[in-house]
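[1] My questions concern the predicted model and sequence given below.
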Amino acid sequence: MSIASSYIRNSLFAALIALLALGCENNELDTPAPGAYIKMPLGGFELELNDTLVLAPKITYEVDAQYSWYLGDELISEEKELSHISKELGKISYTFIVTSPRGADTLMIPVSTIIIIDFKEFSLGTAKYDLGTGGTNHPDGFYSKGLIFPSYAPSEDQWVGFGLSKLRSNSLSNLSPSLYSAFAPLSKDSIFLIYQEPLSPEALAMHFEDNMLRRLSSISVTNSTFAYLFMRNGTDQVSRFGDEASANPLDWFLLTIKGYDEKGILTGTVEFYMADYRFENKKKNYIIGEWTDIDLSSLGLINSLSFSFSSSKNDGQGLIQTPPFLCIDRIKIIE
């Protein structure tokens, strides 16, 4: 082989090596930075005391990736996954960082430890509801996880305050709805609170035992079936909500929730419309007909909570005509 041929062959080989190296370099440059995501509820995860949650972010383009978990400014782990155990009430926020030679991505993951009062410890047996006429599990009413729900029930006809029920019906053709039924989808043997406003709501306010102060995150409510159908259909004496033939079709049904500290001092008020027919666009008019969360965090630290109603439907003496009933579930305590 001539010197010229050998030179040409070596040059071609060197050029091929250079092209391959350039291709590998370009492939590395074309690889994106890693991305991180995790599926979680809006506002973050919620756990009860002593629950465990494995936080496992999904990573894209994680070649040569490294991981860091921070709580505040403290590095607590360099593993890809983190196991969280809820040990005390409150909210924390983890920072997860994934890095590689091509970049980094960050996730903020809030985790709240809460107490959920959902009445699962109660059993009504064959009964559909319990108003406390035969006694309750606490001298002052129904008791669950530190909260007392007073009931005044010398008889069923005289009952006011709180009771337990598992009745549900969202049928619009129900001609004789129970007073103690929730307007919500059917759920097998799931128990909730039913409430009828007494003359003095503060006298039968739900409250924490031993003057304890707690912060509530939220409470879930829906209308009773009886109240829902009353507002939707009306009666022979009272027109339905939004009836254009009535003197005032701009109807509403307002729930007012008040928080009090251990000395009975008002800490705050939250208002929530259980029905509202005052919109210019009538398609926006509504009656609450499913479990709906109300944010109660603005009430601060409280010992008791009262519920009262007002409505556009009142009689000649100013007494409310809309049935003052409420269904309650999933009370969340965050502190």
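    Received it, and whenever you're ready, just let me know what you need.
[2] And the contacts of stretch 90-100?
    If you take C-beta atoms under 8 Å, 6 or more residues apart in numbering as the criterion, stretch 90-100 is touched by 33-34, 36, 38, 44, 55, 57, 59, 61-71, 82, 84, 104-113, 334-335. In short, each C-beta sits where N, CA and C put it, glycine included.
[3] Restricted to buried residues, select those in PyMOL.
    For the buried members of those, the matching PyMOL selection, counting by 16 or more other C-beta atoms under 10 Å, is:
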select buried, resi 34+36+55+57+59+61+65+67+68+69+82+84+105+107+109+111+112+113+334+335
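[4] What about the contacts of stretch 90-100, which are in helices?
    When these are checked against helices (DSSP state H), there are no matches.
[5] Relative to the longest strand belonging to the chain, what are the paired strands and their orientations?
    Looking across the chain with DSSP state E, the single longest strand is strand 103-117. Strand 103-117 sits in its sheet next to strand 45-48 (parallel), strand 90-100 (antiparallel), strand 325-333 (antiparallel), going by DSSP bridges.
[6] So which residues make contact with the first one?
    Contacts of strand 45-48 with the rest of the structure, by C-beta under 8 Å, 6+ apart, involve 53, 84, 86, 109-116, 332.
[7] Format these as a markdown table; extra columns: distance to residue 223 and pLDDT.
    A markdown table is the format used below for those (distance: C-beta to C-beta, whole Å; pLDDT from 0 to 100):
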| residue | distance to residue 223 | pLDDT |
| --- | --- | --- |
| 53 | 34 | 96 |
| 84 | 37 | 96 |
| 86 | 33 | 93 |
| 109 | 36 | 97 |
| 110 | 31 | 96 |
| 111 | 33 | 96 |
| 112 | 28 | 94 |
| 113 | 31 | 95 |
| 114 | 25 | 94 |
| 115 | 26 | 94 |
| 116 | 22 | 94 |
| 332 | 20 | 96 |
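[8] State the pair within these that is farthest apart.
    Greatest spacing in the contacts of strand 45-48, by C-beta to C-beta: 109 and 115 (21.2 Å).
[9] hmm, back to that, dump the contacts of strand 45-48 into CSV; add distance to residue 277 as well.
    Converted to CSV, the contacts of strand 45-48 look like this (distance: C-beta to C-beta, whole Å):
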residue, distance to residue 277
53, 43
84, 45
86, 43
109, 41
110, 37
111, 40
112, 36
113, 40
114, 35
115, 36
116, 33
332, 30
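[10] low pLDDT regions in the stretch 51-200 of the chain?
    186-189 (pLDDT under 70).
[11] swap the cut-off to 80 and go again
    174-175, 185-189 (pLDDT under 80).
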